[in-house]
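**Student:** What would the 3D arrangement of this be:
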Amino acid sequence: MLAFPCNQFADQEPGSDAEILEFATSTYDVNFPMFSKVEVNGETATPLYQWLKAEKPGDGESAEITWNFEKFLVDRSGAVVARWGPQTTPEEIGAELPSWL
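**Tutor:** Below is the predicted model of the structure:
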């Protein structure tokens, strides 16, 4: 897992990168890499999220990220093979992983 904080959703992550990391590790025991805050939607979306959304547009009329904690699975060859909404838990995703391994 990799985390890319974003403050585009109801100002949930307004702090600095260090503050976000401290909150995530102390509150949720996060133990995976956290990157600097990025934009995921709109014209200022980071190229990574532009690519992820182009590869797996998601449900509905828009490919936009709907909320923090939206998840993508990228395989070892670099192909985006799945996308899950914010409410899908890592445990639910883990149950699906054998079909991609």
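
**Student:** So which bits of the helix ranked longest in the chain are buried?
**Tutor:** Looking across the chain with DSSP state H, the single longest helix is helix 17-28. Residues 20, 21, 24 are the ones in helix 17-28 that count as buried (16 or more other CB atoms under 10 Å). C-betas here are computed from N, CA, C, even on glycine.

**Student:** between those, which is nearest residue 88?
**Tutor:** For those, the residue nearest residue 88 by CB to CB is residue 24; the value is 18.4 Å.

**Student:** The closest one contacts residue 33, correct?
**Tutor:** No - with contact defined as CB atoms under 8 Å, residue 24 does not count as touching residue 33 (11.1 Å).

**Student:** who touches both of the two?
**Tutor:** residue 3 (CB atoms under 8 Å, 6 or more residues apart in numbering).

**Student:** what's around residue 72, how many residues?
**Tutor:** Residue 72 has 19 neighbouring residues, counting by other CB atoms under 10 Å.

**Student:** sorry, back to before: would you mark the buried spots in the helix or strand just after the longest helix of the chain?
**Tutor:** Using DSSP states H and E, the next helix or strand after helix 17-28 towards the C-terminus is helix 47-55. For helix 47-55, a neighbour-count test (16+ other CB under 10 Å) marks 49, 52, 53 as buried.

**Student:** what does helix 47-55 rub up against?
**Tutor:** Helix 47-55 is contacted from outside by 4, 38-41, 45, 63-65, 72, 74, 79-80, 83, using CB under 8 Å, 6+ apart.

**Student:** which two in these are spaced the farthest apart?
**Tutor:** Most distant of the contacts of helix 47-55, by CB to CB, are 39 and 79, 23.9 Å apart.
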